[in-house]
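Enquirer: any chance you could fold what I've pasted below:
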Amino acid sequence: MIATHLLVGNPTAQSGKNAERIDRALALPREAGVSAELLPTLPGGKTTEAVRSRLDAGGVRAVIAMGGDGTFREVASGLLMSHVKDDVPLGMLPTGTANDQGKSFGLEASPEALSANVAAITRGHETRLDAGLIRGGELTEYFFDSAGWGLSARVLGAEERGPAFRRSRRTARSADRRRGMAPASQGAHRGDPASAASHRPLMRPLRTGASRSSTDRRTYRSRRCRRRT
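Expert: Reported below is the predicted structural model:
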């Protein structure tokens with residue numbers, strides 16, 4: 001069976017436990033007569049270019065982002081940069097912790113939900129989504145949910161670096177207070193595009209109107225994306 005779907009995921013995630021889930025995600029579509037090939041994610045933001053290159057090579061009817069919000073952003077960006085952006089829909093198999101993107105479509109990220117999420121893709125239900133583009137200096141980035149800079153970038157960056165980084169920052173501030181020094185100004189980071197660009201997780205995927213409350217419901221119509229109905 002010739003592969004028609006491109007599945008993008010990280011087999012080494014969760015200390016290698018994600019490899020089993022990816023194998024299952026590749027096997028489940030075969031029951032519906034759909035074959036998929038795996039494109040492993042790459043570090044340093046290189047996944048976007050890898051996706052674009054593979055899509056431009058042809059033969060892919062749908063691309064699937066399997067992972068968290070960051071993986072979705074990279075895969076969706078690669079699709080939008082390709083020559084087939086108007087022809088190839090984007091599917092999603094969420095496995096991330098926050099799962100902002102998946103929740104927008106009513107998709108759970110638990111292992112138990114994988115079968116239902118794969119079925120949504122093989123059934124081919126589609127909706128249209130917006131994508132935003134940020135340009136500033138040398139920065140050109142797509143975003144699909146929200147974009148932040150300044151304090152937002154600093155907070156997410158500290159979270160990404162982990163508890164050791166946060167403890168070191170608190171220790172430094174405590175030492176400054178003991179010496180009678182005022183905390184360092186954060187003004188240098190406000191609106192700094194390089195700071196925002198260095199923390200890719202804040203470029204989160206698009207939130208659709210399908211799962212919003214009745215007081216905040218919108219319809220998006222610029223990109224095709226597979227969803228459950």
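
Enquirer: in this protein, where is pLDDT below threshold?
Expert: Low-confidence segments of the chain (pLDDT under 70): 1, 162-229.

Enquirer: quick check: domain ranges of it?
Expert: 5-131+207-226, 151-200 (automatic domain parsing).

Enquirer: and Y142, which of these is closest to it?
Expert: domain 5-131+207-226 (4.4 Å; Cβ to Cβ). For the C-beta atoms, the positions are set from N, CA and C on the backbone; glycine is no exception.

Enquirer: mind listing the strands for the protein?
Expert: If DSSP state E is used as the criterion, the strands of the chain fall at 5-9, 36-40, 62-67, 90-94, 126-129, 132-136, 139-143, 223-226.

Enquirer: make CSV out of those strands and add distance to S53 and mean neighbour count.
Expert: Converted to CSV, the strands of the chain look like this (distance: least, Cβ to Cβ, whole Å; neighbours: other Cβ atoms under 10 Å):
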stretch, distance to S53, mean neighbour count
strand 5-9, 11, 24
strand 36-40, 10, 18
strand 62-67, 12, 26
strand 90-94, 16, 26
strand 126-129, 23, 18
strand 132-136, 20, 13
strand 139-143, 17, 16
strand 223-226, 20, 21
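
Enquirer: closest to T47 out of those strands?
Expert: Nearest of the strands of the chain (Cβ to Cβ): strand 5-9, 6.8 Å.

Enquirer: before we move on, back to that, got a markdown table for the domains of the chain, with distance to T140 too?
Expert: Compiled in a markdown table, the domains of the chain are given as follows (distance: least, Cβ to Cβ, whole Å):
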| stretch | distance to T140 |
| --- | --- |
| domain 5-131+207-226 | 10 |
| domain 151-200 | 9 |
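
Enquirer: out of those, which one sits most buried?
Expert: domain 5-131+207-226 (a mean of 18; mean count of other Cβ atoms under 10 Å).

Enquirer: so which of the domains of the chain comes closest to L139?
Expert: Across the domains of the chain, closest to L139 is domain 151-200 (Cβ to Cβ), at 4.7 Å.

Enquirer: any chance of JSON lines for the strands of the chain, columns distance to E49?
Expert: Converted to JSON lines, the strands of the chain look like this (distance: least, Cβ to Cβ, whole Å):
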{"stretch": "strand 5-9", "distance to E49": "12"}
{"stretch": "strand 36-40", "distance to E49": "11"}
{"stretch": "strand 62-67", "distance to E49": "14"}
{"stretch": "strand 90-94", "distance to E49": "17"}
{"stretch": "strand 126-129", "distance to E49": "22"}
{"stretch": "strand 132-136", "distance to E49": "17"}
{"stretch": "strand 139-143", "distance to E49": "13"}
{"stretch": "strand 223-226", "distance to E49": "19"}
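
Enquirer: nearest to W149, out of those strands?
Expert: Nearest of those (Cβ to Cβ): strand 132-136, 8.9 Å.
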